[in-house]
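1. sequence plus the predicted model coming up.
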Amino acid sequence: EAEVAQSPRYKITEKSQAVAFWCDPISGHATLYWYRQILGQGPELLVQFQDESVVDDSQLPKDRFSAERLKGVDSTLKIQPAELGDSAMYLCASSFQSTGTQYFGPGTRLLVL
Amino acid sequence: AQTVTQSQPEMSVQEAETVTLSCTYDTSESNYYLFWYKQPPSRQMILVIRQEAYKQQNATENRFSVNFQKAAKSFSLKISDSQLGDTAMYFCASIQGAQKLVFGQGTRLTINP
């Protein structure tokens, strides 16, 4: 069964450093999402792509976060510089269309020291 | 803005019992979708069940079923014959029109042997 792949699974970094997360969606899924999940809470959308275009990045802290999906397939989320408050789980999801069921990857757990 | 509310932060039942998780949502749309996702301690989010608002029939998936009360904007999840592997965080979520998927705060369900 096709799955969303993410790497790394865990990342420890010091504040002010740069970090990057990678996501490979299910083949054929045009819509890709990045979420941030604080422990004990539901995920919150950071950015949504339709193919290579950003559809929604209203909750993305653009002073330090960036996301790209250059060829409309895999995607990278970057944080520079990382802050203590960025410690969270970063989830990637994909769907065939924007109103379709979203399938989630295993996530990257980030700890900023 | 769309909202999803889960009023039960934690629940605990014995194995083989039936448990119902509550969810209410707010919408001004006529076309929307509702979901229950499960996030086990390993943290990967898994789709449990999906309901289209235009369908009157409640969705079922093996031991999982929903009680969709459209007028009351209620979408509860019933787990029958609960198993130890059902222990997880359960998130109710909705997507309305072209808007983003919004999650509730989650219910931590523990199945005791």
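-> Looks like it arrived, so ask away.

2. okay, buried residues for stretch B:99-113 please.
-> Buried residues in stretch B:99-113, counted by 16 or more other CB atoms under 10 Å in any protein chain shown: B:99, B:100, B:101, B:102, B:103, B:104, B:105, B:106, B:107, B:109, B:111. All C-beta spots, glycine's among them, are computed from the backbone N, C-alpha and C.

3. that one and chain A in contact?
-> Yes: for a cut-off given as CB under 8 Å from any CB of the partner chain, stretch B:99-113 has contacts with chain A, namely B:100, B:101, B:103, B:104, B:105, B:106.

4. of the buried residues of stretch B:99-113, which belong to strands?
-> Members of the buried residues of stretch B:99-113 lying in strands (criterion: DSSP state E): B:102, B:103, B:107, B:109, B:111.

5. out of those residues, flag the one nearest to residue B:65.
-> residue B:109 (15.4 Å; CB to CB).

6. ok, now which ones touch the closest residue to that closest one other than its chain neighbours?
-> Nearest non-adjacent residue to residue B:109, counting by CB to CB, 6 or more residues apart in numbering or on different chains: residue B:11, 5.1 Å away. Applying CB atoms under 8 Å, 6 or more residues apart in numbering or on different chains, we find residue B:11 in contact with B:19, B:21, B:107, B:108, B:109, B:110.

7. the first one and chain A, how far apart?
-> Applying CB to the nearest CB, to the nearest Å, one obtains 20 Å for the distance of residue B:19 from chain A.

8. with the fifth one instead?
-> With the distance defined as CB to the nearest CB, residue B:109 ends up 14 Å from chain A.

9. run through the residues that contact that residue.
-> Contacts of residue B:109 by CB under 8 Å, 6+ apart are B:10, B:11, B:12, B:13, B:19, B:21, B:79, B:86, B:87, B:88, B:89, B:90.

10. what do you get for the second one?
-> By CB under 8 Å, 6+ apart, the contact set of residue B:21 is B:6, B:8, B:11, B:36, B:76, B:77, B:78, B:79, B:90, B:92, B:107, B:109.

11. of these - the most surrounded one?
-> Greatest neighbour count in the contacts of residue B:21, by other CB atoms under 10 Å in any protein chain shown, goes to residue B:92: 28 neighbours.

12. make JSON lines out of the contacts of residue B:109 and add secondary structure, pLDDT and distance to residue A:36.
-> Formatted as JSON lines, the contacts of residue B:109 follow (DSSP: H, G, I helix; E, B strand; the rest coil; pLDDT from 0 to 100; distance: CB to CB, whole Å):
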{"residue": "B:10", "secondary structure": "strand", "pLDDT": "96", "distance to residue A:36": "23"}
{"residue": "B:11", "secondary structure": "strand", "pLDDT": "97", "distance to residue A:36": "26"}
{"residue": "B:12", "secondary structure": "strand", "pLDDT": "97", "distance to residue A:36": "28"}
{"residue": "B:13", "secondary structure": "strand", "pLDDT": "97", "distance to residue A:36": "31"}
{"residue": "B:19", "secondary structure": "strand", "pLDDT": "97", "distance to residue A:36": "29"}
{"residue": "B:21", "secondary structure": "strand", "pLDDT": "98", "distance to residue A:36": "24"}
{"residue": "B:79", "secondary structure": "strand", "pLDDT": "98", "distance to residue A:36": "28"}
{"residue": "B:86", "secondary structure": "helix", "pLDDT": "96", "distance to residue A:36": "26"}
{"residue": "B:87", "secondary structure": "coil", "pLDDT": "96", "distance to residue A:36": "24"}
{"residue": "B:88", "secondary structure": "strand", "pLDDT": "96", "distance to residue A:36": "20"}
{"residue": "B:89", "secondary structure": "strand", "pLDDT": "96", "distance to residue A:36": "16"}
{"residue": "B:90", "secondary structure": "strand", "pLDDT": "97", "distance to residue A:36": "19"}
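
13. cheers, nothing more for now.
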